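Chemist: coordinates for the following, if possible.
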Amino acid sequence: MKAVYIILGCLFLGLGVLGILLPMLPATPFLLLTLFFFAKGADRLHQWFLQTKLYHNHLKSFKEQRALSQKSKCWILGFATLMLSIGFYFTPSLVGKCVIVSVLLIKYFVFFFGIKTLKE
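Modeler: Numbering: from 1, shown residues only. Have a look, this model is predicted:
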């Protein structure tokens, strides 16, 4: 199982790096997943990732203060909303659409009330 966590961590690390380079792809959620999977998969990789500049620039404030910058919040919410909207549009059933709307509302509630906003 640890090998699966390591592979997933590497995959999300690659997507996080792409998210830094590409304006439409948010980096923070992928780097958070990298942190999670490296912590589950291998302590050595986890410790290495904690020492990288990627971690210090994008995740340190979230891990220590449970807060994100307003820019990070906007990118994450925008990208997730776009993806959920596409799913909503192509879902034929009413139950599926209700589930997507519920996820969207919960996501916004958590982002507005559960995660603090850092001033840049």
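Chemist: quick one: buried residues of stretch 95-102?
Modeler: residue 100 (16 or more other C-beta atoms under 10 Å). The way it works is simple: take the backbone N, C-alpha and C, and place the C-beta from them, glycine included.
Chemist: go ahead and flag the most central residue of this structure.
Modeler: Closest to where the C-alpha atoms of the chain average out (C-alpha atoms, centre = their mean) is residue 29, at 1.3 Å.
Chemist: quick check: closest non-adjacent residue to that one.
Modeler: residue 76 (5.7 Å; C-beta to C-beta, 6 or more residues apart in numbering).
Chemist: show me the contacts for that neighbour.
Modeler: Counting by C-beta atoms under 8 Å, 6 or more residues apart in numbering, residue 76 touches 26, 28-29, 68, 111.
Chemist: before we move on, what about residue 61?
Modeler: 67-69, 118.
Chemist: kindly provide the distance from residue 15 to residue 102.
Modeler: Distance of residue 15 to residue 102, given as C-beta to C-beta, to the nearest Å: 26 Å.
Chemist: pLDDT on the regular element (helix or strand) spanning residue 86, on average?
Modeler: If you go by DSSP states H and E, residue 86 is part of helix 70-90. Averaging pLDDT along helix 70-90 gives 87.
Chemist: which residues of the chain fall in strands?
Modeler: 67-69, 116-118 (DSSP state E).
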